[in-house]
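S.K.: Need a 3D model of the sequence below.
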Amino acid sequence: MSTVSKRKKHFVALLRRLIRNLTLPQKIMGFVLLILLIFFVLLPAINLLYTAFSFSYSDRVLPQVMERGIKVIPGRFTLIHLQRVLFGSILAWLNIFKNPNLIEKLRREQDAGVYNVDVIMTGAAIQMVMEFLPTKRVYKFIPSDIYPLLTESAKKEPLAIAHYGAKVVMYNTEKYKTPPIDSWWDLTRPEWKGKLVTVDPLKSATEFDLFALFVKNSDVMAKLYKEEFGHDIVLHGTQNAGYEFLKRLIENGIVLFSGGNDVAKAIGARGQANPPIGINSFSKLRKAAENNLALGVITNLKPTAGISTKAVIAIAKFAPHPNAAKLMIRWMMGGINEKNLAGYAPYHVMGDWSPRTDIKQPKGQPPLDKMNLWPEDIPWLYKNQFKVRDFWIQHM
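M.R.: This next block holds a predicted model:
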C-alpha cells in the first residue's frame, strides 16, 4: 500500500473517531456554523466573483469608467468590474444618514475630523442647502444618465432631489363625507378648539416650515381673513396677519404629537364621534389601507392646501467610499432599467412625487404642479426661522 493511501486511510479513521466522540450539542453547533459559513462567506464570495466577471448596463456610467475614458465591452472582464466589487461596492460599509436628527451629529463629527458617512438623505433641505453645501460639507451628485430624465425644476435644485412630498390637512372620512373646513382661518374658530393635531413643529422641520410660511404670506392671510369674517383683521400684539394666525391657532388648543403615524391614527381611527383634523404628510394616506383608517385630504383649502417638501440626497465630505456613494444615489433615484424602481420603490406611494419625468406617479395622484401648495422657500425660511421659532416657543 502506498504512503498516500495509508495517510488517507489514517485520516478517514481519525475523522470517524472524532465524529463518534462528538456530543449532540457539538454536532448541532457544527451544523449551525456550517450554515453560517455557506450564507455569509461562500455565497457572498460567489456573488462577488459573478459580479466581477459579468457586465451590466450600469457599468457604462460608472465614475471609474467615465473619468478614465475606458471602453467597457459587454461580456468582457475588466479590472473596473473587480474594483467596483472589491473597493467600491455598496456592500462595503456604506453609511447613510437619513434621520434629520443626525444632521447635527454629522456636523459635530466632521468638526472633530471624523469622516465616516458616505451618503446623506434628509428632509432638512434648509440646513443642507444653506449651511452644508456652501461650506463643502456635502457635494452635489446627479448620475449623468438620470439628469436628462429630471423635471426642469429638479435640474435647477442646488442638490439632488430624492423625492418630493407634501404637508397637508387631513380629516376623518367616516365622520365627514365632505371636507369640514375650506379655510385655514376656520381652525381658529371655537368649534375647532382642541381639535387640530400635528407633529410638534419644534421636532419636525417640515411642519415648522409650513407654519413659518404663514408669516411669509401674511398679506395673503390678511386678505383671506377679511373674506372669511367680513372685516379687517385686528392684531393682538403681533406684527402681521401671519403671526396673528399662529397665535390664534395656539390659543385654540392645537394638540402636538411626536410622530406622523400617531397623527394619522388620531385623525382616521374609526368609530369616533368627534374626530380631530390634522396636519400630516400626504404619503401617510398609505396608512389608511394598512391600518383601516378613514383618512382624506383637503385639497381645496384656502389659501393653500399645504406645503411642498423635498428630500435631498448628497455625498458627504471625505466619504470613505465615494464611488459606492455615487452608485447608491443612482440606485436611490430609481436607477436605469431597474426592476421595481430600485431604491426609489418605497417612495413610489401616494403623497410622494419623483423628480423624474419617466417614472409614472401612483394611480390617482395629481401631478405636483397641479396641487395648490406653497413652495418651500429655502432662503426666506433660513433667514427667518429663528424669529418664527422664538415666537412659537413664547406663545405655546
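
S.K.: and the biggest strand by length in the chain, what other elements does it pack with?
M.R.: The longest strand of the chain (DSSP state E) is strand 160-172. Packing contacts for strand 160-172, counted by 3 or more Cβ pairs under 8 Å, 6 or more residues apart in numbering; DSSP states H and E, involve helix 205-216, helix 260-268, strand 277-281, strand 295-297, strand 306-316. From N, CA and C alone the C-beta is placed, and that goes for glycine too.

S.K.: tell me which strands and helices the helix or strand following it is in contact with?
M.R.: Using DSSP states H and E, the helix or strand that follows strand 160-172 towards the C-terminus is strand 196-199. For strand 196-199, the elements it packs on are strand 255-257, helix 260-268, strand 277-281, judged by 3+ Cβ pairs under 8 Å, 6+ apart.

S.K.: List the buried residues in the second one.
M.R.: This points to helix 260-268. G260, V263, A264, K265, A266, I267, G268 (16 or more other Cβ atoms under 10 Å).

S.K.: one step back: what is the orientation angle of the longest strand of the chain with strand 306-316?
M.R.: 150 degrees (axes from the mean of the first three to the mean of the last three Cα atoms, to 10 degrees).

S.K.: pLDDT weak spots in the protein?
M.R.: By pLDDT under 70, the weakly predicted segments of the chain are 1-4, 6, 44, 47-101, 338.

S.K.: can you list the domains in it?
M.R.: 3-87, 96-163+310-370, 165-308+382-395 (automatic domain parsing).

S.K.: could the ones you listed be laid out in TSV, adding distance to E376?
M.R.: Output for these, formatted as TSV (distance: least, Cβ to Cβ, whole Å):
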stretch	distance to E376
domain 3-87	30
domain 96-163+310-370	6
domain 165-308+382-395	6
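
S.K.: Relative to I298, how far out is E228?
M.R.: 15 Å (Cβ to Cβ, to the nearest Å).

S.K.: ugh, typo on my part, it should be L196
M.R.: Taking Cβ to Cβ, one finds L196 at 12 Å from I298.

S.K.: what do you get for A124?
M.R.: Distance from A124 to I298, by Cβ to Cβ: 26 Å.

S.K.: For these two, work out which one has more neighbours and name it.
M.R.: A124 (22 against 18; other Cβ atoms under 10 Å).

S.K.: Report the angle between the helix or strand hosting A325 and strand 160-172.
M.R.: Applying DSSP H and E as the criterion places A325 in helix 322-332. On the basis of the same axes, to 10 degrees, helix 322-332 is oriented at 40 degrees to strand 160-172.

S.K.: CA atoms only for helix 322-332 - export them in PDB, please.
M.R.: C-alpha atoms of helix 322-332 as PDB (Å, rounded to 0.1, in the frame of the first residue of the first chain):
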ATOM      1  CA  PRO A 322     -17.100  57.800  -2.900                       C
ATOM      2  CA  ASN A 323     -17.700  55.600  -5.800                       C
ATOM      3  CA  ALA A 324     -20.100  53.400  -3.800                       C
ATOM      4  CA  ALA A 325     -21.900  56.600  -2.700                       C
ATOM      5  CA  LYS A 326     -22.400  57.600  -6.400                       C
ATOM      6  CA  LEU A 327     -23.900  54.100  -7.100                       C
ATOM      7  CA  MET A 328     -26.100  54.400  -4.100                       C
ATOM      8  CA  ILE A 329     -27.500  57.700  -5.100                       C
ATOM      9  CA  ARG A 330     -28.200  56.300  -8.600                       C
ATOM     10  CA  TRP A 331     -30.000  53.400  -7.000                       C
ATOM     11  CA  MET A 332     -32.000  55.600  -4.600                       C
END
